[in-house]
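Novice: Just a sequence and a predicted model for now, questions to come.
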Amino acid sequence: MGDLAGVVGKLPYLAGLGVDGLWLNPFYASPGHDHGYDVADHCAVDPAYGSLEGFDELVATAHGHGIRVILDVVPNHASIAHPWFAAALAAGPGSPQRGRFHFADGQGPDGNEPPNNWRSIFGGPAWTRISEPDGTPGQWYLHTFAAEQPDWNWTHADVPALFERVLSFWLDRGVDGFRVDVAQGLHKLAGLPDHPDAWADEATGDPVNPNAWNQPAVHQVWRSWRRLVEDYTARDGRDRLLIGEVGLTDPAAVADYTRPGELHHTFCFPFAHATFDADTYRHVITTALAHHPDGVAWVANNHDLPRAVTRHTPTPRDRDGDGDGDGEELPAGADPAQIGLARARAAAALMLALPGAVYLYQGEELGLPDVADLPVTVLKDPMYHRSGGTRPGRDGCRVPLPWTTSPDHHHGFSPPATTTPAWLPQPPTWADLAADTQHHTTTSTLNLYRQALALRRTIPDLATTTLTLHTDTPPGLLALSRGTHLTTYTNTTHHPIPTPHPHPGQPILTTHPTPHPTDTIPPNTTVWYHHDTPADAASTADDAVTEAI
Ligand code: NOJ
């Protein structure tokens, strides 16, 4: 499964990659119905992952490498294995223990209809009926996600108090911040009224329920958490970070979560969802910078998304793979998988040229694709199971990394003595993507990421807060400048494009695996140029959009 000791063992690899922080998915005591996002004890390490002592060693070792540690905190929902849920079941209707969750009587003569029409994000109703302690059919409880994840009732004073204790527990152990799960959730509209436009399909989740998401009261939570982490900073001078997963579609609403005194960052999911298209990226970048003047947190991959290599691979339905359905054909003989990889590399180099924070998901630095053909018998994701198999779920991006080319003990993922299968099987083709081989291959994706991350640290222009998005570029070419000496071009087409300026400067990074003329951007490629004077940049400042962040 992977464990904390395994993470400690790979900290030198992460330091060599050039990251300065590590976000750990939940490792807390959990029955594991949703990859650990069903937490039974927020202050305990699940024995499958290690121990508190092992966690302390991880923090100390990471800090020794200059890597900060961010934990995943899951405040919208608990686990059915949380002792407070057991207490709620035992205490009966109307009890304060039930008040920590959302219990309600059912509708219909026998109460056998859910209390409202809300749908779970993973499919099916957002309510499950319990048996009362005397065995009779009883109340229903709300679960925005799987039935094993009952939603907390944030209007019950015990709940915010619990989470303040949880944050303090981990801050006292030295962590540097938190990634906040479902930060638009927590509070629900009082009375839990029907969603006026609930998604009707039984198998489809409802990701946009306005009565379940984005209630004004949730911002009080972020203000109080911000005060709490700043108290720690005031004591020892060390920064602490709060980054929210805010799953809202309106960028202005997402921006509310980073107002002064609230979260520091929210993930920029539109970047991850963008098709590989220059205009789309231009729009995403401009919108993100406009809404987050204090810094954007870019992301192209995470544990919930099909990996970028696969997302950017052309399919029979979308033949050129840019998502615009324009019917453009792939060049003759082109290998769609190679195009997917080339685009993922180019998108990563674009992202790493942007101002703000960048979050990488383990394995993207190896150019791993999604594993789309996992046998049904190994699938773990409740999204797959609750949707009756109509939604593939997220297991395909969670397959363990291949550390070694040798397939022994799951390409080095498991200890040598392992006799059991890995929790998700790696495909045989991953031998070619193993970290040990990529380490020794100059043009590998691993070395591309290392190179880009090293340049991000060393080039002063990449540490500035300004970005110039050029507007006079040919179709399919995205050009941007950072500071006065760095310009990058991303060619999102299938044909080479000459740089708009004949002397673009010195290429310092290219995502193309083989040498190419310095004044031409190959198809599906990003190139970074360093130039001596602003006049060498891609275009004049007159037709540039400059965003100060
Ligand atoms: C978002 C997490 O990233 C995802 O993995 C999880 O299933 C849901 N929140 C519920 O916690």
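Specialist: Right, received. Where do you want to start?

Novice: Report the closest residue of this protein relative to the ligand.
Specialist: Y37 (3.3 Å; Cβ to the nearest ligand atom). Placement of C-beta: from N, CA and C, glycine included.

Novice: shouldn't that residue be in contact with N76?
Specialist: No - in this structure Y37 lies outside contact range of N76 using Cβ atoms under 8 Å: 9.2 Å.

Novice: Return every residue with contacts to both of those two.
Specialist: Residues touching both Y37 and N76 (Cβ atoms under 8 Å, 6 or more residues apart in numbering) are 145, 181.

Novice: got the residues of the protein near the ligand?
Specialist: 34-35, 37, 74, 145, 181-182, 245, 303-304 (Cβ under 6 Å from any ligand atom).

Novice: Report the separation between the residue of the chain closest to the ligand and F122.
Specialist: Using Cβ to Cβ, to the nearest Å, Y37 is found at 11 Å from F122.

Novice: Please enumerate the shared neighbours of these two.
Specialist: F145.

Novice: ok, now which ones touch A372?
Specialist: Applying Cβ under 8 Å, 6+ apart, the residues near A372 are 310, 392, 396.

Novice: neighbours around the second one, how many?
Specialist: By that I understand P392. Neighbour count for P392, taken as other Cβ atoms under 10 Å: 16.

Novice: Okay, the spatially closest residue to it that is not a sequence neighbour and T390: tell me how far apart.
Specialist: Residue nearest to P392 in three dimensions, not counting chain neighbours: Y384, with 6.3 Å by Cβ to Cβ, 6 or more residues apart in numbering. Distance of Y384 to T390, computed by Cβ to Cβ: 9 Å.

Novice: If you count surrounding residues, which of these two has more?
Specialist: More crowded of Y384 and T390, by other Cβ under 10 Å: Y384, with 20 against 13.

Novice: How about the secondary structure of the more buried one?
Specialist: helix (DSSP: H, G, I helix; E, B strand; the rest coil).

Novice: can you give me the helices for the stretch 101-250 of the chain?
Specialist: Here the stretch 101-250 of the chain has its helices, by DSSP state H, counting those that start in this stretch, at 158-172, 218-236.

Novice: Against which helices or strands is the longest one packed?
Specialist: In terms of contacts (3 or more Cβ pairs under 8 Å, 6 or more residues apart in numbering; DSSP states H and E), helix 218-236 is packed against helix 158-172, strand 177-180, strand 241-244.

Novice: and the second one, average pLDDT?
Specialist: Meaning strand 177-180. For strand 177-180, mean pLDDT is 98.

Novice: Next: the last one.
Specialist: On average, the pLDDT along strand 241-244 is 98.

Novice: Pull up the pairing partners for that strand, direction included.
Specialist: Note on strand 241-244: by DSSP bridges, its sheet partners are strand 177-180 (parallel), strand 265-268 (parallel).

Novice: Quick one: distance of it to the chain centre.
Specialist: 12 Å (Cα atoms, centre = their mean, to the nearest Å).

Novice: after it comes which helix or strand?
Specialist: Remark: after strand 241-244, the chain's next helix or strand is helix 251-255, criterion DSSP states H and E.

Novice: Pull out the buried residues from that next one.
Specialist: 251, 254-255 (16 or more other Cβ atoms under 10 Å).

Novice: In TSV: those residues, plus distance to L424 and pLDDT.
Specialist: Output for the buried residues of helix 251-255, formatted as TSV (distance: Cβ to Cβ, whole Å; pLDDT from 0 to 100):
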residue	distance to L424	pLDDT
P251	34	97
V254	31	98
A255	36	98
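
Novice: A278: which of the residues you listed is nearest?
Specialist: Proximity of the buried residues of helix 251-255 to A278 (Cβ to Cβ) peaks at P251, which lies at 19.9 Å.

Novice: Can you name the residues that contact the nearest residue to that closest one once chain neighbours are set aside?
Specialist: The shortest distance from P251 to any non-neighbouring residue, by Cβ to Cβ, 6+ apart, is to H291 (4.8 Å). For H291, the contact set (Cβ under 8 Å, 6+ apart) comprises 251-252, 254-255.

Novice: Quick one: closest of the helices of the stretch 101-250 of the chain to T442.
Specialist: Nearest to T442, of the helices of the stretch 101-250 of the chain and by Cβ to Cβ, is helix 158-172 at 40.2 Å.

Novice: Show me what the closest one is packed against.
Specialist: Using 3+ Cβ pairs under 8 Å, 6+ apart, helix 158-172 sits against strand 41-45, strand 68-73, helix 218-236.

Novice: so which of those is the most packed in?
Specialist: strand 68-73 (a mean of 21; mean count of other Cβ atoms under 10 Å).

Novice: Next, the contact list for A288, please.
Specialist: A288 neighbours (Cβ under 8 Å, 6+ apart): 251, 268, 270-271, 296, 298.

Novice: cutoff 10 Å now
Specialist: Applying Cβ atoms under 10 Å, 6 or more residues apart in numbering to A288 gives the contacts 251, 254-255, 266, 268-271, 296-298, 354, 356, 547, 549.

Novice: Give me the buried entries from the residues of the chain next to the ligand.
Specialist: By 16+ other Cβ under 10 Å, the residues of the chain next to the ligand give 34-35, 37, 74, 145, 181-182, 245, 304 as buried.

Novice: Identify the structural domains in the chain and state their residue ranges.
Specialist: Residue ranges for the domains of the chain, per automatic domain parsing: 4-76+157-191+200-374, 466-548.

Novice: tell me, which of these is the model least confident about?
Specialist: Among those, domain 466-548 scores lowest, with a mean of 85.

Novice: For V309, give me its contacts.
Specialist: 301, 337-345, 347, 363-364, 366-370, 433, 445 are the contacts of V309 under Cβ under 10 Å, 6+ apart.

Novice: Apply 8 Å and report the result again.
Specialist: Here V309 is in contact with 337, 340-341, 343-344, 367-370 (Cβ under 8 Å, 6+ apart).

Novice: Double-check that it belongs to a helix.
Specialist: Yes - looking at V309 with three-state DSSP, it is inside a helix.

Novice: Just send the strands paired with strand 241-244 back as TSV, with distance to W225 and mean neighbour count too.
Specialist: Putting the strands paired with strand 241-244 into TSV (distance: least, Cβ to Cβ, whole Å; neighbours: other Cβ atoms under 10 Å) gives the following:
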stretch	distance to W225	mean neighbour count
strand 177-180	8	24
strand 265-268	13	26
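
Novice: Let me know which of those is the nearest to S30.
Specialist: strand 177-180 (16.4 Å).

Novice: Between its first and last residues, how far does stretch 66-80 reach?
Specialist: 37 Å (Cα to Cα, to the nearest Å).

Novice: Do I have it right that N116 meets P196?
Specialist: No - applying Cβ under 8 Å, one finds N116 not in contact with P196, separated by 11.1 Å.
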